[in-house]
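**Student:** Compute the structure for the input listed below.
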Amino acid sequence: MRLTVQDAAVRDRLAAGMRPQLVEEHRRRPFGPHSPALADVLAFLRRNPAPDLPRYVVLVHADGFAIGIRPDRRDADVPAAGPERFATRAAAEHGVFLRRLADYGLAP
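**Tutor:** Okay, here's the model as predicted:
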């Protein structure tokens, strides 16, 4: 993972403050409102400072929602990131959050 020195410092600061309570807060309210601590984590993740990491999207399927990986080209198909399906969009958004935390080494 390629991060600038500044982004690595932000990631390290966020990692020091990651608690299971923040993950639970996101699970309960993935669309907000969020505490300042969770808002900081989300701002970092949404910025996607490591261009070599996947960019996730939520896909709508007949049997629920799935997580996809955004391709580099706009006209390309969006592949599913795995077979997992979610009953609600909120659950899928939380699944994306968990993947991003893992990608950046922020999972508590």
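**Student:** Spell out the secondary structure type for the closest residue to residue 56 other than its chain neighbours.
**Tutor:** Closest residue in space to residue 56, ignoring its immediate chain neighbours: residue 96 at 4.5 Å, by C-beta to C-beta, 6 or more residues apart in numbering. The C-beta positions use only the backbone N, C-alpha and C, and glycine is treated the same way. Classification of residue 96 using DSSP: H, G, I helix; E, B strand; the rest coil returns helix.
**Student:** List the contacts of residue 96.
**Tutor:** 56-58, 67 (C-beta atoms under 8 Å, 6 or more residues apart in numbering).
**Student:** As TSV, these with distance to residue 105, neighbour count and secondary structure would be great.
**Tutor:** Shown next, in TSV, are those (distance: C-beta to C-beta, whole Å; neighbours: other C-beta atoms under 10 Å; DSSP: H, G, I helix; E, B strand; the rest coil):
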residue	distance to residue 105	neighbour count	secondary structure
56	16	22	strand
57	22	15	strand
58	23	16	strand
67	19	21	strand
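**Student:** Output these in JSON lines; the columns should cover pLDDT and distance to residue 104.
**Tutor:** Shown next, in JSON lines, are the contacts of residue 96 (pLDDT from 0 to 100; distance: C-beta to C-beta, whole Å):
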{"residue": "56", "pLDDT": "93", "distance to residue 104": "12"}
{"residue": "57", "pLDDT": "92", "distance to residue 104": "18"}
{"residue": "58", "pLDDT": "95", "distance to residue 104": "19"}
{"residue": "67", "pLDDT": "96", "distance to residue 104": "16"}
